[in-house]
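Chemist: structure for this input, please:
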Amino acid sequence: CHPEHKGREATVVHVADIKCINCHQYGSFNTNHPEFDFAREKMPDDSTLIMTHLRHTVFVLQQIKGVESPDVLFKTLKAETMDFSFFFEQACLYCHNPEASGKNFKNINFGQHCAQCHIKSDVIVAGLPKFNPGNPNKAGVETIQQMQQRGGPGILWTFSSNPNLITDEDAEVSKSPILHNDPWIMENLRQIRKKLYPGADLSDLLETSGEVSTQRADTLYSEAIQTLQSFSNELQNRSELKAELDKINLLLKTARRKLEVPSPKRSKLQSFFPLKNPSKRLSENQRADFQQLVFDLTHSKGPECRKCHVVENAGIRRVYANQDILLRAEFNHRAHVLEKRCTECHTEIPMEEKLLKLSVENYSEFKQKFSQIFKIDRARTQNIPKLNTCQECHSPGKVANDCVTCHKFHPNKKNRSNLQMFAQQ
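Modeler: Here you go, the predicted model:
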C-alpha cells in the first residue's frame, strides 16, 4: 500500500485509489460510489424527539432580533439583506454549537438550548389521585413522604427535596414547579411500569423506554449499569456494607470494561429488556386507570413532556443526543464552512419565508396547505446531504475525491485486541 523509492517529492503515506478498489469495487467516487446508507435505506433519524425546525427557526430569529411577530421579523431581515441564508445559519448555530476543533457539533443540551422556552415556573401537575398502600392495584401517585416510607434504591434525592412542593389534599396530589426530567415524575412512572409490566428484568433499571437499533444495543446495558452504580453510590456511607459494596463496584467496573469490547452477541439479547407482557393481576379497567395516570403525569397542559417526547409503556422514550450518521466516513465541518452555508447542503427541510411564517401564524393551515412539508419537518427526518451534494465539489479538477479523503483506514491500535476478539466471535 505504501511503496517506497518513488522520488524525493513523493509522499509515502499517500495511497492511490487503485489500492482500495481492488477489493472495494466501487470505482471512482463520481461514478460508482454507492449512495450513503441512510439515504439508500431511507433510514429515519432515531432521536425520538417531536420537533419542528421551521417553527424553531422563526422563534430563534425573533429572539436574536428582539421582535415578537414573524411579519416584523422578516421586515427587519429584508432591511438588512435579501439573502436569508445568513440569518438561517445564525438560527442553526444557535442550537448546533461546534466543538472547539470545528470538526463536529456538540450534543444539544436541554438546559442551554431548550429550557428558556420549555420550562416555566407556573407549570403544575394538579389533582392526581394519591397512591393508597392498602390498595396497591388502584392507580395513584406517591408523595415524597410515601417514597421515603417505602424505601428502596433510587430515592436518595427525596431526602434533599422540599416536600412542600407537593400538596396533598382530599386524597389528591399536586406538584409545582415541574423540572425537566423531574425525579418525582420519573420515579412515579417507574412504579407504574412495575405495576403494568411486572417481571420486566433489566427494564426495571432503565429510566427511559423504547426499542433500540442493533448498533445502539449496548446503550441498554450502559444505562442499566449506570443505574446500578447510582444505587451503590447511595449506600457508600453505610460502613457495615463496605465489603459487599466493594464487590458490587468491582462487578460493575468489570461490566463496563466488557461493554468496551465490541460483541455482535449482545445485540441479540434485547429480550432481557421486555415490556410487552402486561400484568395479569390487573383488570382491564385497572390497566386503563394506570394508563390514564401516565397521561395525566405527562400531558401537554401540565409538565408538557408529550410536547417534545414520545411516551409509551409508561415511560418516556430515550433520546439519542449523539446523532452520528456517516459511521464509516469522516467529515470535517470546519473544512467546508467557508465554502457553503448550512442551508446550502442541508436542504431536506426547505427554508422559505412563506413556510416559516405560516408554520408560526397558522399551524393548522400550514399542515393542510403544505402537507408534504409538514410530514418532512420532523426531527426524524435525516436532514443530511446525499451523495450528489458531495459530488458537486468533490470531483476531478475541483476538490480531492480519493478514498482516503473521507474514509479512515488504519484501525485504532489501542483496540487491536478488541478487534481480534470481535473477529473471532
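Chemist: how near is the residue lying closest to A139 once chain neighbours are set aside to Y363?
Modeler: Counting by Cβ to Cβ, 6 or more residues apart in numbering, A139 lies nearest to D289, which is 3.9 Å off, once chain neighbours are set aside. Yep, even glycine has a C-beta here, placed from its N, CA and C like the rest. Distance, D289 to Y363, using Cβ to Cβ, to the nearest Å: 33 Å.
Chemist: cool, H346 as well?
Modeler: Distance from H346 to Y363, by Cβ to Cβ: 23 Å.
Chemist: for L206, same thing?
Modeler: 34 Å.
Chemist: what's the answer for L54, then?
Modeler: Distance, L54 to Y363, using Cβ to Cβ: 10 Å.
Chemist: which of these two has more neighbours?
Modeler: Legend: neighbour count by other Cβ atoms under 10 Å for L54 and Y363, higher for L54 (24 against 14).
Chemist: residues in contact with that one?
Modeler: Neighbouring residues of L54 by Cβ atoms under 8 Å, 6 or more residues apart in numbering: 349, 351, 355-356, 359, 373, 377.
Chemist: for the closest residue to it other than its chain neighbours, give me its contacts.
Modeler: Computed as Cβ to Cβ, 6+ apart, the closest residue to L54 that is not its neighbour in sequence is S359, at 4.4 Å. With contact set as Cβ under 8 Å, 6+ apart, S359 has these partners: 52, 54-55, 58, 366, 377.
Chemist: at 7 Å instead, please
Modeler: By Cβ atoms under 7 Å, 6 or more residues apart in numbering, the contact list for S359 reads 52, 54-55, 366.
Chemist: and I124, by the same measure?
Modeler: 174-176, 178, 302.
Chemist: ok, of those residues, which one's closest to S161?
Modeler: S161 lies nearest to K175 out of those, by Cβ to Cβ, at 10.4 Å.
Chemist: the closest one: neighbour count?
Modeler: 24.
Chemist: now it: phi and psi?
Modeler: phi -140, psi 140 (degrees, to the nearest 10).
Chemist: in this structure, which spans are strands?
Modeler: Counting by DSSP state E, the segments of the chain that form strands are 125-129, 166-169, 172-175, 208-209, 311-312, 315-317.
Chemist: adjacent strands (with direction) for the fifth one?
Modeler: Strand 311-312 has its sheet partners listed here by DSSP bridges as strand 315-317 (antiparallel).
Chemist: who's in contact with the partner strand?
Modeler: Contact with strand 315-317 is made by 48, 189, 193, 208-210, 305, 309-310, as judged by Cβ under 7 Å, 6+ apart.
Chemist: and stretch 28-37, by the same measure?
Modeler: With contact meaning Cβ under 7 Å, 6+ apart, stretch 28-37 is reached by 26, 40, 43, 326, 386-387, 391, 394-395, 401.
Chemist: make a PyMOL selection of the buried ones in the residues you listed.
Modeler: Those of the contacts of stretch 28-37 that count as buried under 16 or more other Cβ atoms under 10 Å are selected in PyMOL with:
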select buried, resi 386+394+401
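Chemist: out of the contacts of stretch 28-37, which are inside helices?
Modeler: Judged by DSSP state H, the subset of the contacts of stretch 28-37 located in helices is 40, 387, 391.
Chemist: and these, which is closest to N233?
Modeler: Taking Cβ to Cβ as the measure, N233 lies nearest R40 of the ones in helices among the contacts of stretch 28-37, at 44.9 Å.
Chemist: against H33, how distant is that closest one?
Modeler: Taken as Cβ to Cβ, the span from R40 to H33 is 11 Å.
Chemist: A379 too?
Modeler: In terms of Cβ to Cβ, A379 sits 28 Å off from H33.
Chemist: repeat for N233
Modeler: 49 Å.
Chemist: likewise V360?
Modeler: Distance, V360 to H33, by Cβ to Cβ: 40 Å.
Chemist: and if you look at A335?
Modeler: From A335 to H33 the distance is 19 Å (Cβ to Cβ).
Chemist: and I18, by the same measure?
Modeler: The value you get for I18 to H33, if Cβ to Cβ is used, is 15 Å.
Chemist: go ahead and flag the most central residue of the protein.
Modeler: Y320 (2.1 Å; Cα atoms, centre = their mean).
Chemist: what does the pLDDT read for that residue?
Modeler: For Y320, the model assigns a pLDDT of 78.
Chemist: Q215 too?
Modeler: pLDDT, Q215: 67.
Chemist: could you do the one 10 residues further on as well?
Modeler: The per-residue pLDDT reported for I225 equals 91.
Chemist: rewinding a little: which of the contacts of stretch 28-37 lies closest to K253?
Modeler: L326 (32.8 Å).
Chemist: where does the prediction get shaky in the stretch 151-300 of the chain?
Modeler: Scanning the stretch 151-300 of the chain for pLDDT under 70 picks out 210-211, 213-215, 264-276, 300.
Chemist: which parts of it are helices?
Modeler: Taking DSSP state H, counting those that start in this stretch as the test, the helices found in the stretch 151-300 of the chain are 183-196, 218-234, 242-259, 284-298.
Chemist: re earlier: which of the contacts of strand 315-317 has the most neighbours?
Modeler: Result: L189 is most packed of these (other Cβ under 10 Å), 25 neighbours.
Chemist: pretty sure that one sits against E312.
Modeler: No: taking contacts as Cβ atoms under 7 Å, L189 lies outside contact range of E312: 11.2 Å.
Chemist: common neighbours of those two, please.
Modeler: By Cβ under 7 Å, 6+ apart, no residue touches both L189 and E312.
Chemist: do you know how far L251 is from A243?
Modeler: From L251 over to A243 (counting by Cβ to Cβ), the distance is 13 Å.
Chemist: higher neighbour count, these two?
Modeler: Each of L251 and A243 has its neighbours counted (other Cβ under 10 Å); L251 has more, 13 against 9.
Chemist: ok, that one to H118 distance?
Modeler: 39 Å.
Chemist: same deal with T343?
Modeler: For T343, the distance to H118 - Cβ to Cβ - is 24 Å.
Chemist: many thanks, I have nothing further to ask.
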